[in-house]
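Trainee: Got a predicted model here, sequence first, then my questions.
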Amino acid sequence: MNIIHKKFKSDSLDGDWVITIGNFDGYHLGHQKLVQQVLKDRKKLNIKGGILTFEPHPKKVLQSQIPFRHIYDLPSKCAFLEQSGLDACFIIPFTTKFAKMGSHEFLEKLFNFVNLKKIIVGYDFNFGKAREGSASLMKEEALKNKIDFLRMDAVKIEGLTVSSTMIRRLLFEGDFEKVNQYLGRPWTIGGVIKEGKKLGHTLGFPTINLEPDVLLPLRKGVYTCQIQLKERSINGVCNVGYNPTFNGTALKVEAHLFDFNENIYGEHVNIMPIQFLRDETKFDSIEALKTQIRKDVNIAKSYFRKKSD
């Protein structure tokens, strides 16, 4: 079992460890509860704390015929985990070979890769080939090896369990208020601004362009948004999609920033969608597209005016 050690605070695998295991896509409130328990035990036991995760997401391998939509890509997930104060992130490359590993073989390898003192898992945890291994089995085998074990309850809001699956659905539905509540922070699309074909500039609505590395969990369409650039927050509208009027083929996020005229190519930004405006459309003419963009901009500006009143 190949394990990649992504260092945060600790350069060494030596010493005793408490870890939590899971996919952690989105790093939502349920995931944060697990990490907080790791940090609590880390301090109490005076040992190291880490997380064991998988890349790519198992569904991308096991259900490869179905496009998988990440809440966040791996660098973003690791950035959240590093900020939490963990010592390290251990990443298992999830392959078809690894997916066939039985639960007992997985446990044998798990118990030997670092000196584990405690394992913490979530409410819906399973492992091994076809998810045959249960939390009860892991607890039983861990205790035999003098490793403490804790299975934590789900985090619920208004009676609903916070989960990555639910957050993906809410993102696709455009319910960003609930998404942000479940994440404990605003959901954003991050990336480095790339120079595009300047089509927006020719239309009278210059844009910044991001090219996501993963399939986004959003409907293709236009959104009211805020763009976070360093210490600034700038209002705007953005389009997530393929630019069908110009026969585009690559997924892009194009944002028009209101009252902004600076060259920021190469800068890192976070785009925060706020409300869904309309589906992406292939227009019959450039003039029809320009007319619709004006309407989109007016709706978005009206939203921000009402918000500031």
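Mentor: The structure has been received and is ready for your questions. All values derive from a computational prediction rather than experimental measurement.
Trainee: what about residue 296, neighbour count?
Mentor: For residue 296, the count of nearby residues is 20 (other Cβ atoms under 10 Å). Backbone N, C-alpha and C define where each C-beta goes, glycine included.
Trainee: thought it was touching residue 222?
Mentor: Yes: at 5.2 Å, residue 296 counts as touching residue 222 under the criterion of Cβ atoms under 8 Å.
Trainee: okay, and the common contacts of the two?
Mentor: Common contact partners of residue 296 and residue 222 (Cβ atoms under 8 Å, 6 or more residues apart in numbering): 237, 277, 278.
Trainee: Now which of the residues you listed would you call buried?
Mentor: Buried by 16 or more other Cβ atoms under 10 Å: 237, 277, out of those.
Trainee: Output the shared contacts of residue 296 and residue 222 in JSON lines, with secondary structure, distance to residue 177 and pLDDT appended to each entry.
Mentor: Shown next, in JSON lines, are these (DSSP: H, G, I helix; E, B strand; the rest coil; distance: Cβ to Cβ, whole Å; pLDDT from 0 to 100):
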{"residue": "237", "secondary structure": "strand", "distance to residue 177": "18", "pLDDT": "98"}
{"residue": "277", "secondary structure": "strand", "distance to residue 177": "16", "pLDDT": "97"}
{"residue": "278", "secondary structure": "strand", "distance to residue 177": "19", "pLDDT": "97"}
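Trainee: between the shared contacts of residue 296 and residue 222, which is nearest residue 141?
Mentor: residue 277 (52.3 Å; Cβ to Cβ).
Trainee: and the gap between that closest one and residue 237?
Mentor: Distance, residue 277 to residue 237, using Cβ to Cβ, to the nearest Å: 7 Å.
Trainee: Please enumerate the shared neighbours of these two.
Mentor: 222, 223, 224, 296, 300.
Trainee: so what's the third one bridging to?
Mentor: According to DSSP bridges, residue 237, residue 275 are recorded as the beta-bridge partners of residue 224.
Trainee: and the helix or strand encompassing residue 107, what does it pack onto?
Mentor: Assigning secondary structure by DSSP states H and E places residue 107 in helix 103-113. Judged by 3 or more Cβ pairs under 8 Å, 6 or more residues apart in numbering; DSSP states H and E, helix 103-113 is in contact with strand 133-134, helix 135-144.
Trainee: Domain boundaries for the chain, per the record?
Mentor: Domains of the chain are assigned by automatic domain parsing as 4-161, 188-308.
Trainee: export these to JSON lines and tack on distance to residue 169?
Mentor: Formatted as JSON lines, the domains of the chain follow (distance: least, Cβ to Cβ, whole Å):
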{"stretch": "domain 4-161", "distance to residue 169": "10"}
{"stretch": "domain 188-308", "distance to residue 169": "8"}
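Trainee: Out of those domains, which gets nearest to residue 178?
Mentor: domain 4-161 (8.4 Å).
Trainee: Where does the prediction get shaky in this protein?
Mentor: For the chain, the stretches flagged by pLDDT under 70 are 1-12.
Trainee: related to what we said a few turns ago, to residue 173, which of the domains of the chain lies closest?
Mentor: domain 188-308 (8.1 Å).
Trainee: Please report how far the most centrally placed residue in the chain lies from residue 24.
Mentor: For the chain, the residue sitting closest to the mean C-alpha position, by Cα atoms, centre = their mean, is residue 72 at 2.0 Å. Residue 72 sits 9 Å away from residue 24, going by Cβ to Cβ.
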